[in-house]
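1. Just to be clear, the model below is a prediction. Sequence and coordinates:
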Amino acid sequence: MKSAVSRGVVAVSVVAVLGLTAGCSGSGEGDGAGDGGGKPSKSAQAPDGSSGASSAVAKLQKAALASGDVKKYEVEKAPAKAAGQGRVTPAECRPLSDWLDANAPQKSTAHVSRTLTSTDVSDGTATEVVLFAYDRADAEKAMDTLRAATKSKKCATFGDGSHRYFGTRPQPAPVGGDEAVSYKLANRADEFLERHRVSVVRSGSTVIAFRAVNIFDPESVGEDAGGDKGRGGGGATADPEVAEAIVDAQLAKLAGTK
């Protein structure tokens, strides 16, 4: 029974992890902002009351992935998320935590978020895609600070509030855009292991964070010996990956809106 229960927990928890751990800076979509068309909420207004941030949100909505854009994936608008982080130690590791939680380390003017799940029931990986609008200089600086953090030996293990992340390693970055940085890391959640793969791609002044996550149940691997080891279910042993199809589709759609 443990194996069956684990699969159910994992299937629900993967999406929950994306929804509960992410906090966004800048202006984002409110309840009234739909896929590419709804009106941004008051939270999407610039601090001085202008419509600059609202315009940025509208552009990102148009560029964001929607159902039908990526074959074999369902696309949903992610709910608005409240920012909120603990103290990151060492401090130089904050960019790793920021991008993991889609909370950009440099000020962005707007953001929109989408969650993609595979229609293949054996694929237990969920991917969140967040588009951020920046000034060009701030976008480049954000990438530089993230790149430095992924290479820092001090950040192999780091803390963020009550969370402790470990196994931080730079990974091959996606092809496309002007520059890209990718890394992986993990944290424990009770008896489970949450494993994350983050790829951040800059295209001009737009920065896109792709975060893939799956939840590994070590106990179920033994119970499912010879079973559904691999990408999905409680017996998943493979690290999550950001699918190339998702990255390619998002960059293509962004390019088509410029």
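-> Good, I have the coordinates. Residues are numbered from 1 along each chain as shown.
2. correct me, but residue 189 touches residue 213?
-> No - contact between residue 189 and residue 213 fails when scored by C-beta atoms under 8 Å: they sit 10.9 Å apart. For glycine as for every other residue, the C-beta is placed from the backbone atoms N, C-alpha and C.
3. and these two? which has more neighbours close in?
-> Taking neighbours as other C-beta atoms under 10 Å, residue 189 and residue 213 compare with residue 213 leading, 23 against 13.
4. just checking, that one touches residue 124?
-> No - assessed by C-beta under 8 Å, residue 213 is found out of contact with residue 124, at 9.5 Å.
5. Leaving out sequence neighbours, find the closest residue to residue 146.
-> Once flanking residues are discounted, residue 146 sits nearest to residue 95: 4.3 Å by C-beta to C-beta, 6 or more residues apart in numbering.
6. Mind telling me what element that neighbour is part of?
-> Using DSSP states H and E, residue 95 sits within helix 94-100.
7. For that helix, name the packing helices and strands.
-> helix 136-151, strand 158-160, strand 163-171, strand 179-189, strand 192-203, strand 206-216 (3 or more C-beta pairs under 8 Å, 6 or more residues apart in numbering; DSSP states H and E).
8. So for residue 88, which of the ones you listed sits nearest?
-> Closest approach to residue 88 among those (C-beta to C-beta): strand 158-160, 4.9 Å.
9. what does that closest one rub up against?
-> With C-beta atoms under 8 Å, 6 or more residues apart in numbering as the test, strand 158-160 has contacts from 85, 86, 87, 88, 89, 90, 93, 96, 97, 164, 165, 168.
10. wait, which of the residues you listed is closest to residue 142?
-> residue 96 (12.4 Å).
11. and that closest one, how far is that from residue 200?
-> Residue 96 sits 10 Å away from residue 200, going by C-beta to C-beta, to the nearest Å.
12. between these two, who's got more neighbours?
-> Of the pair residue 96 and residue 200, residue 200 is the one with more neighbours under other C-beta under 10 Å, namely 28 against 25.
13. which residues of the stretch 1-150 of the chain fall in strands?
-> Ranges of strands within the stretch 1-150 of the chain are 73-77, 88-89, 110-118, 126-133, based on DSSP state E, counting those that start in this stretch.
14. now for these, which one comes closest to residue 255?
-> The minimum distance between residue 255 and the strands of the stretch 1-150 of the chain falls on strand 126-133, with 12.7 Å, by C-beta to C-beta.
15. Just the buried positions in that closest one, please.
-> Neighbour counts over strand 126-133 (16 or more other C-beta atoms under 10 Å) mark 126, 127, 128, 129, 130, 131, 132, 133 as buried.
16. With distance to residue 240 and pLDDT as extra columns, can I get these in a markdown table?
-> Formatted as a markdown table, the buried residues of strand 126-133 follow (distance: C-beta to C-beta, whole Å; pLDDT from 0 to 100):
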| residue | distance to residue 240 | pLDDT |
| --- | --- | --- |
| 126 | 8 | 93 |
| 127 | 8 | 97 |
| 128 | 11 | 96 |
| 129 | 14 | 97 |
| 130 | 16 | 95 |
| 131 | 20 | 96 |
| 132 | 21 | 95 |
| 133 | 27 | 95 |
